[in-house]
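A.B. asks: give me coordinates for this.
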Amino acid sequence: MKYGTRAKYTGIQLEKVIYNRLSDKGYSWVDKKHFDPTRYLEQPIFSTQYHIGKSIYETDLNCDFIIYHPEKHPNCLIIESKWQESTGSVDEKFPYLVANIKEKFPCPSIVVLDGGGYKSGAEKWLRNQTDEKKTS
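C.D. replies: A predicted model of the protein is given here:
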């Protein structure tokens, strides 16, 4: 398997873990087109690749997961997943991700890291960016 193909595959595997965990916790998946209207049903829901607006570069910006829970996350929560198994560029994208979270994301967000292949200090830097919009 070529590196780019493998990286995409492993990233999808992490997204599947998150998807299954949300389902196990009682969240129902809804198509992104129906996410906002479905919130009126007052039940735990989530969607994937949800359009949240324009990025800091004024390009379309989608999040990996958006979840709604009437008590826990009434204003929604975004989950971004980042997999890096071997050295590569995902950690170089962390500043772009953090800038978008702080400036463009409409609700609190978390970043799920896995794979252990980021550069030394990248995870620590990312954790230190925690504020009211991004939690560790």
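
A.B. asks: which of the helices and strands in the protein ranks last by mean pLDDT?
C.D. replies: Comparing every helix and strand of the chain by mean pLDDT, DSSP states H and E singles out strand 134-135 as the least confident one, with a mean of 59.

A.B. asks: in the protein, which spans are strands?
C.D. replies: Taking DSSP state E as the criterion, the chain contains strands spanning 28-29, 45-54, 60-69, 73-83, 109-114, 134-135.

A.B. asks: the most centrally placed residue in the chain pairs with what?
C.D. replies: By CA atoms, centre = their mean, the chain has its centre lying nearest to residue 80, at 1.4 Å. Residues found in beta-bridge contact with residue 80 (criterion: DSSP bridges) are residue 111.

A.B. asks: correct me if wrong: it contacts residue 109.
C.D. replies: Yes. The pair residue 80 / residue 109 is scored as a contact, 6.4 Å apart, by CB atoms under 8 Å. For every residue, glycine as well, the C-beta is placed using N, CA and C.

A.B. asks: and residue 19, how many neighbours?
C.D. replies: If you count neighbours by other CB atoms under 10 Å, residue 19 ends up with 18.
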